[in-house]
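In: Predicted model and sequence follow; I will ask about them next.
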Amino acid sequence: MTTRAPTASGRAPPSGSSNPSRGSTRSGTATDCPRRESSFHIGARCDPGVEDLDAGIATTRAKISAGARFLVTRPVFETAGPCLLGAPGGDRVPVLVAVSVLSGFAEAEYMAYEVPGAHIPQDALTALDTAGERARETGARLAADLLTEVRPLVDGVVVVFRDDKGTAGVLSGARRA
């Protein structure tokens, strides 16, 4: 019997998942499809703030070995802390960092204390708490600052924000910085 690296949930990946064209999802749905080249690439999620760095690296390497051609992080709010960006050890694939714009203190506080794995820096909580009516603008500025910091470390970004022209303008400025 072959031992597989556990996933982030601690479970072994489903049988047959070493080939992205064959196998099953976690819920057991068959994913068998004809072997042929496709016009898209299979990616995988990684957690740059994982508490057990060795297990996180093993999980990320297993995803790359299973066929992931790029990685997308869970939403990040800071650059500090353990990081899996690039999966050390020669398994380098492109990494896209997900940055989510916080809309205000209530959302940030909820994420910080109620969402497992979300790391909201204290200075971001303080800035959003004191921003008052300018909280949405403050959240956009914090995200833009983070984009500027992570830009040299990653191959691309995925930005999540509400349809808001003001936020888009602030983030667009970070892109040009």
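Out: That came in fine, so what should we check first?
In: Report the secondary structure element holding residue 145.
Out: Using DSSP states H and E, residue 145 maps to helix 135-150.
In: I'd like to know which elements that helix is packed against.
Out: Contacts defined by 3 or more Cβ pairs under 8 Å, 6 or more residues apart in numbering; DSSP states H and E place helix 135-150 against strand 95-100, helix 122-131, strand 156-160, helix 165-176. C-beta here means a position set from N, CA and C on the backbone, and glycine is covered the same way.
In: okay, and the helix or strand of this structure with the least pLDDT?
Out: Sorted by mean pLDDT, DSSP states H and E, the helices and strands of the chain end with helix 165-176, the least confident at a mean of 62.
In: Could you check the angle the helix holding residue 145 makes with strand 95-100?
Out: Between helix 135-150 and strand 95-100, the angle comes out at 160 degrees (axes from the mean of the first three to the mean of the last three Cα atoms, to 10 degrees).
In: Could you export helix 135-150 as PDB, CA atoms only?
Out: Extracted as PDB, the C-alpha positions of helix 135-150 are listed here (Å, rounded to 0.1, in the frame of the first residue of the first chain):
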ATOM      1  CA  ALA A 135     -12.900  52.200   6.800                       C
ATOM      2  CA  ARG A 136     -13.500  51.000   3.200                       C
ATOM      3  CA  GLU A 137     -10.800  53.400   1.900                       C
ATOM      4  CA  THR A 138      -8.500  52.300   4.700                       C
ATOM      5  CA  GLY A 139      -9.000  48.700   3.800                       C
ATOM      6  CA  ALA A 140      -8.200  49.400   0.200                       C
ATOM      7  CA  ARG A 141      -5.000  51.300   1.300                       C
ATOM      8  CA  LEU A 142      -3.900  48.400   3.500                       C
ATOM      9  CA  ALA A 143      -4.500  45.900   0.600                       C
ATOM     10  CA  ALA A 144      -2.500  48.200  -1.800                       C
ATOM     11  CA  ASP A 145       0.400  48.400   0.600                       C
ATOM     12  CA  LEU A 146       0.400  44.600   0.900                       C
ATOM     13  CA  LEU A 147       0.300  44.200  -2.900                       C
ATOM     14  CA  THR A 148       3.400  46.500  -3.100                       C
ATOM     15  CA  GLU A 149       5.200  44.400  -0.500                       C
ATOM     16  CA  VAL A 150       4.400  40.900  -2.000                       C
END
